[in-house]
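Novice: Sharing a model prediction with you, sequence too.
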Amino acid sequence: MDKTKLDKFKNLIDNADKIVIIQADNPDGDSLGSSIALEQILTNLGKDAYMYCSVDVPTYLRYIPAWSRVQKELPHDFDLGIIVDTSTMTLLENMDSMKMAQIKSTPSIMLDHHVSDATIDFTSLYINEGTVSTGELIFDIAKHLGYEMNMEAKEAIMTTILSDSLGLTTPNVKSSAIRVVAELVDMGVSISTLEDKRRETYRKSLDLIHYKGRLLERIETFLDNQLAMVTITYDEIIKFSPLYNPPMLIMEDMRLIEGNKIIVALKTYNDGRILGKVRSQNGCPIAEKLASSFGGGGHDYSSGFKTYDYKDVNDLKREIISKTNELLEEERKKNEIIQYPN
Ligand SMILES: [Mn+2]
């Protein structure tokens, strides 16, 4: 890792007492685990560390006990902000302009691993090393700088890696991530214990299981099953989101459809907002390209977007179909060139 960046990181930490760790408006296992790991590392350094996220920590993440320390309000004053697991402004939209001004006028660090271009441009230091999770990056930084990690920090880092790599099975898993996992196991972190805790939260009410059945029936496929889509209504968001994020109920099933290359789950809100969750299959890295054509971003295989541009969700669906068609065609051509060089 870049020595200059590490020195700058250490310098910013050394010169701060009160440090706020900021998650974007879409907290996940990586952003939460990264926050907890940093909170623990910084507390051990004698800092006053504070975890912030503008939205509630989703229920499926609450098997990680420290979730309850995440606050929805920023403290009045702080010396340093650390933004974890995002580089895009659209994911900090819930933040009002006063808070944003406060963050901008304070030194800040951004730690991320997403491939999209950074649109947050005010931070004093930006580190993005293409790791599998932001937590893996934090592990590397802590190790290089000799920062101590307690068991809570180590478990949190393990959680970030397993969560973003779906248990080390995504294409972006490099040996470096597996080495970090191995080191954490040597340090006493038990993957099976973490997995047991996580699975306990998989249990669902009968209501939710029945709803999953209805959603499964509503899956639509296009382009010879290559694209699968489902739309979630506002009423369903209100009723089921507090229990479980509706798309997550069926996304794995959608991916199992024969011939499938990419799936899109749309959540429609009553203020005209539509959120899209996009996942493409291994070997078909078009998720980020699709999401970015609707103003979003993310990874090659996993991304999302938020739009206010469509009164009728069917108009958006039509555009998703045609854009996906284009991207699949590009992929096909690319693969042809690889197969038949001339
Ligand atoms: Mn992440």
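Specialist: The structure has been received and is ready for your questions.

Novice: need the residues of the stretch 201-342 of the chain near the ion, please.
Specialist: By Cβ under 5 Å from the ion, no residue of the stretch 201-342 of the chain approaches the ion. The C-beta positions use only the backbone N, C-alpha and C, and glycine is treated the same way.

Novice: any idea how far the residue in the stretch 201-342 of the chain positioned nearest to the ion is from Ser165?
Specialist: Closest approach between the stretch 201-342 of the chain and the ion, counting by Cβ to the ion: His299, at 8.3 Å. With distances taken as Cβ to Cβ, to the nearest Å, His299 is found 11 Å from Ser165.

Novice: So Lys267: helix, strand or coil?
Specialist: Three-state call for Lys267 (DSSP: H, G, I helix; E, B strand; the rest coil): strand.

Novice: For it, give me its contacts.
Specialist: The neighbourhood of Lys267, defined by Cβ atoms under 8 Å, 6 or more residues apart in numbering, consists of Ile232, Ile237, Pro246, Pro247, Ile274, Leu275, Gly276, Lys277.

Novice: That one bridge partners, please.
Specialist: Ile232, Leu275 (DSSP bridges).

Novice: Check it and give its pLDDT.
Specialist: Note on Lys267: pLDDT of 97.

Novice: Same question for Pro341.
Specialist: Residue-level pLDDT assigned to Pro341 equals 53.

Novice: Per-residue pLDDT of Ala291, please?
Specialist: pLDDT, Ala291: 96.

Novice: ok, and the closest non-adjacent residue to it?
Specialist: Ser303 (3.7 Å; Cβ to Cβ, 6 or more residues apart in numbering).

Novice: how about stretch 182-192: buried residues?
Specialist: Leu184, Val189, Ile191 (16 or more other Cβ atoms under 10 Å).

Novice: Which one of these is nearest to Lys261?
Specialist: Ile191 (30.8 Å; Cβ to Cβ).

Novice: quick one on the thing from earlier: what do His299 and Ser165 both touch?
Specialist: Asn172.

Novice: Determine whether the claim that Lys154 is in a strand is correct.
Specialist: No: using three-state DSSP, the secondary structure at Lys154 is helix, not a strand.

Novice: On the pLDDT front, check it for me.
Specialist: 98.

Novice: what's the distance between stretch 23-33 and the middle of its chain?
Specialist: Relative to its chain's centre, stretch 23-33 lies at 6 Å (Cα atoms, centre = their mean, to the nearest Å).

Novice: residues in contact with it?
Specialist: With contacts defined as Cβ under 8 Å, 6+ apart, stretch 23-33 is touched by 35, 51-55, 57-58, 61, 64, 67, 70, 83-86, 88, 91-94, 133-135, 156-160, 162-164, 304.

Novice: Outline the domain layout of the protein.
Specialist: 3-199, 206-339 (automatic domain parsing).

Novice: Need the winner for burial among those domains.
Specialist: Stretch with highest mean neighbour count among the domains of the chain: domain 3-199 (a mean of 18; mean count of other Cβ atoms under 10 Å).

Novice: and that one, anywhere near the ion?
Specialist: Yes: Domain 3-199 comes into contact with the ion (Cβ under 5 Å from the ion), by way of Asp30, Asp85, Asp164.

Novice: and the first one, what helix or strand is that in?
Specialist: Secondary-structure element containing Asp30, defined by DSSP states H and E: helix 29-44.

Novice: what do you get for Ala49?
Specialist: Element membership for Ala49 (DSSP H and E) is strand 48-53.

Novice: Against which helices or strands is that strand packed?
Specialist: On a contact count with 3 or more Cβ pairs under 8 Å, 6 or more residues apart in numbering; DSSP states H and E, strand 48-53 meets strand 18-23, helix 29-44, strand 70-71.

Novice: CA atoms only for it, dumped as CSV, please.
Specialist: Output in CSV follows, covering the C-alpha atoms of strand 48-53 (Å, rounded to 0.1, in the frame of the first residue of the first chain):
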residue,chain,number,x,y,z
ASP,A,48,-13.5,9.2,21.0
ALA,A,49,-15.1,7.2,18.1
TYR,A,50,-18.7,7.7,17.0
MET,A,51,-20.6,5.6,14.4
TYR,A,52,-23.2,7.4,12.2
CYS,A,53,-25.7,6.3,9.6
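
Novice: Alright, that wraps it up for me.
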